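K.L.:
give me a 3D structure for the following:
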Amino acid sequence: MAGEQIPLERIRNIGIIAHIDAGKTTTTERILYYTGVIHKMGTVDEGNTTMDFMAQEKERGITIMAANTTTSWKNHKVNIIDTPGHVDFTIEVERSLKVLDGAVIVLCSTSGVQSQTETVWRQAERYHVPRIAFINKVDRLGADFERVLGQIFDRLGANAAPINLPDAHEDRFNGIIDVVNMKYITYADADGLEVLVNDIPAEFKEKAEKYHHLLIEKVAEADDQIMEKYLAEQPVTAAELKSGIRRAVLKAKFLPVLAGTALKNRGVQLVLDAVVDFLPSPLEVMQARGKNPDTEAEISCIPAEDQPLAALVFKVASDPYVGKLFYTRIYAGTITSGEQLYNSGRGKTERISKILMMHANKQEIINKIGPGEIVALVGLKESKNGDTLCREKSPIVLESMRVPEPVVSMALEPKTKADQDKLGIILRKFLDEDPSLRVEYDHETSQTIISGMGELHLEIIIDRMRRENNLEANIGRPQVAYKETITRKIDKIVGKFISQTGGRGQYGHVVINVEPGVKGSGVKFVDEIVGGAIPREFIKSVENGIKAQSHNGVLAGYPVTDMVVYLVDGSYHDVDSSDIAFQMAAKIALKDALVKGVSVFTEPIMAVEVAVPEDFMGSVIGDLNTRRAKITELGNMGNVKTARADVPLAEMFNYANALRSLTQGRASFSMEPSYYAQVPNNISEKIIGARQEYLNRKKA
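P.N.:
A predicted model of the protein is given here:
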């Protein structure tokens, strides 16, 4: 079915999203088995799953790169992206949700809703992605389906109800109660291929009726047709209920919840049925929107072959055999192999040499692809993550994806001089693939600084350098990505750059006002020049100077953020004024403003969640308090206690080992970036002292 032209109403583009270790990859593996793509099921523990094909994924038992594949179920084509659950690779989830039409959110029935579950939920909310939920591992010791259901209401704030219920107790799994059709489902074989549908046993009748009523009630809250029947106390047939669920899910106002155990091959076919029955086709989602780059007019992308082409490159990956793969979602129009396309954001023409339908790391070549599809293109030279492909006669720029700010940095030094140039080439390749990675060169220390989403993120980059490119480097210990910001508004700061060295001189003069900005807003430049005090051609020079200086604060050289710079006045010289003169004047002014505006450090604060046996709770809380933690919530999760806290990232390095020693290895934790906050004065002094000592050591 992959190469055939499938009607749009029978296409589903879905992502499998969840917290780490909830069972996403195992669920995807079972989906591929039941749909006939693979004939032997792998497991994460054995490192032989289809979707985790990188060496690092096999070794660590985690998903690092989102992998996509294509399969079919009940005459529907299903494009699936299996995403990572670790916060360090959140960009993979972000860009996947940007292009997907629906998602299956997987939850562990013992761990429930965890921190990264909440993160992926918020990401799905941001892109208005309809979802279904699969509570996995219901046969585990400590599994509690109803507790997890309660957390879906409380922590995610979802209007949710089960459409099936597990008949499982600890390590036993007996069957599934279908709440929509009021049937009892069992399996005749260990692989779960033969599904048996029977009447609900007498002992479950009351429970099934209770949840059937709850389901109608919750769907009625989101669907007028079911609401009318509910208020009139009229019976709702299974077909009417399914239609109501579908309408509510498409509006992202209802979350159907399913249960099962993917590892034991139970409940996965029901997830596939729900994908086909309830998640949208490309025709049923909000139309992608973009702008004409020439006129700024807004354009809607109608998913049809006869419409102008609009396609988004959402991921770039390297393949050892075909070179770069450009994963692309086609929203409107068609692409044919060998044709020429236009990259509207860069104003460049590109030629497509191949169109590939991906099956994890295997490929199928196709000649033509239409709207609603996700494919990999080969042959592009200039395109990057977030670029739009279209026709030159009908240009459009689609909205790009949100890229999170890095929180951890690491210094790299190649071991030999010959490796210096090689390092630059390799890092450029990684930057093309990973928008959440940052690279800069520190001239003071002659080091390359890489910044990312966490220690594991940078570890994987270093490991890939060594394995894939045979490059060894000396690595500095991870550093927190501190930032500087001002604490008060400061007006009329003057920056002058005047130089006369014989011949033509240099003259630039600017006056700026600076004020604190909204958290997370970066550096905003506002031009308020009137009357031509500075010619228009030099306004951009001033902005470039401001942006360049904002990379180096006045306290310890960390980037400056969250401020608004207003250019209010200045002057120029007919002969001596130049681009470089105004850039230098702007830098001088901003440096002075940072001093007078009382610049302070801010640091990334992590949302940390710890699950720990009750005996060790006191020790864990005591340890968190020594790490400057602010405890936000204490709770219970089955037989273990949970603690949520906001903790500075600087205090969390090597926390995994510390927690292991405190709890005899019986606790677990997860963390994700939450916000930036001002660093206490005593810590600021240590940071400045450490930076100065480091620079002195390098100079010596």
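
K.L.:
Ala103 touches Glu125, doesn't it?
P.N.:
No - applying C-beta atoms under 8 Å as the test, Ala103 and Glu125 come out as separate, 10.7 Å apart. Backbone N, C-alpha and C define where each C-beta goes, glycine included.

K.L.:
so which of the two has more stuff around it?
P.N.:
Ala103 (29 against 15; other C-beta atoms under 10 Å).

K.L.:
so the more buried one versus Ala589, what's the distance?
P.N.:
Ala103 sits 48 Å away from Ala589, going by C-beta to C-beta, to the nearest Å.

K.L.:
any stretches of this protein with poor pLDDT?
P.N.:
The model of the chain has pLDDT under 70 over residues 1-5, 40-66, 85-88, 170, 360-361, 442-446, 501-503, 638-639, 694-700.

K.L.:
quick one, longest strand in it?
P.N.:
For the chain, the strand with the greatest residue count under DSSP state E is strand 599-613.

K.L.:
just checking, what packs against that strand?
P.N.:
Contacts defined by 3 or more C-beta pairs under 8 Å, 6 or more residues apart in numbering; DSSP states H and E place strand 599-613 against helix 115-126, strand 483-486, helix 617-626, strand 640-648, helix 655-663, strand 668-678, helix 681-699.

K.L.:
keeping just the C-alphas, turn it into CSV.
P.N.:
Written as CSV, here are the backbone C-alpha positions of strand 599-613 (Å, rounded to 0.1, in the frame of the first residue of the first chain):
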residue,chain,number,x,y,z
SER,A,599,23.2,43.2,34.9
VAL,A,600,22.6,39.9,36.8
PHE,A,601,22.9,36.2,36.1
THR,A,602,20.0,34.0,35.4
GLU,A,603,20.1,30.2,35.5
PRO,A,604,18.0,27.3,34.1
ILE,A,605,15.6,25.8,36.7
MET,A,606,14.6,22.2,36.2
ALA,A,607,11.3,20.7,37.1
VAL,A,608,12.3,17.5,38.9
GLU,A,609,10.1,14.5,39.8
VAL,A,610,11.5,11.8,42.1
ALA,A,611,9.7,8.5,42.9
VAL,A,612,11.2,6.8,46.0
PRO,A,613,10.2,4.1,48.5
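
K.L.:
listing partners with orientation, what would you give for it?
P.N.:
Using DSSP bridges, the strands paired with strand 599-613 in its sheet are strand 483-486 (antiparallel), strand 640-648 (antiparallel), strand 668-678 (antiparallel).

K.L.:
assess the claim that Ala643 and Gly622 are in contact.
P.N.:
No - the criterion here is C-beta under 8 Å, and Ala643 misses it with Gly622 at 11.3 Å.

K.L.:
quick one, which of those two is more surrounded?
P.N.:
Shown here are Ala643 and Gly622; by other C-beta under 10 Å, Ala643 has more neighbours (21 against 10).

K.L.:
OK, contacts around the more buried one?
P.N.:
Residues near Ala643 by C-beta atoms under 8 Å, 6 or more residues apart in numbering: 609-610, 612, 617, 620-621, 624, 631, 633-635.

K.L.:
for Leu8, same thing?
P.N.:
281-283, 303, 371-372.

K.L.:
farthest pair in these?
P.N.:
Greatest spacing in the contacts of Leu8, by C-beta to C-beta: Ser281 and Pro371 (10.8 Å).

K.L.:
those two: who's more crowded?
P.N.:
Counted by other C-beta under 10 Å, Ser281 and Pro371 do not tie: Pro371 has more neighbours, with 26 against 22.

K.L.:
ok, and the closest non-adjacent residue to the more buried one?
P.N.:
Closest residue to Pro371 apart from its sequence neighbours, by C-beta to C-beta, 6 or more residues apart in numbering: Pro303 at 4.1 Å.

K.L.:
let's have the helices and strands packed on strand 599-613 in a markdown table, adding distance to Glu221.
P.N.:
Formatted as a markdown table, the helices and strands packed on strand 599-613 follow (distance: least, C-beta to C-beta, whole Å):
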| stretch | distance to Glu221 |
| --- | --- |
| helix 115-126 | 18 |
| strand 483-486 | 43 |
| helix 617-626 | 38 |
| strand 640-648 | 29 |
| helix 655-663 | 41 |
| strand 668-678 | 30 |
| helix 681-699 | 48 |
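
K.L.:
and among these, the most buried is which?
P.N.:
Stretch with highest mean neighbour count among those: strand 483-486 (a mean of 22; mean count of other C-beta atoms under 10 Å).

K.L.:
would you put the C-alpha positions of that one in CSV?
P.N.:
Output of strand 483-486 as CSV, limited to C-alpha atoms (Å, rounded to 0.1, in the frame of the first residue of the first chain):
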residue,chain,number,x,y,z
LYS,A,483,22.5,34.1,30.9
GLU,A,484,22.7,37.7,31.9
THR,A,485,19.8,40.2,32.0
ILE,A,486,19.2,43.7,33.3
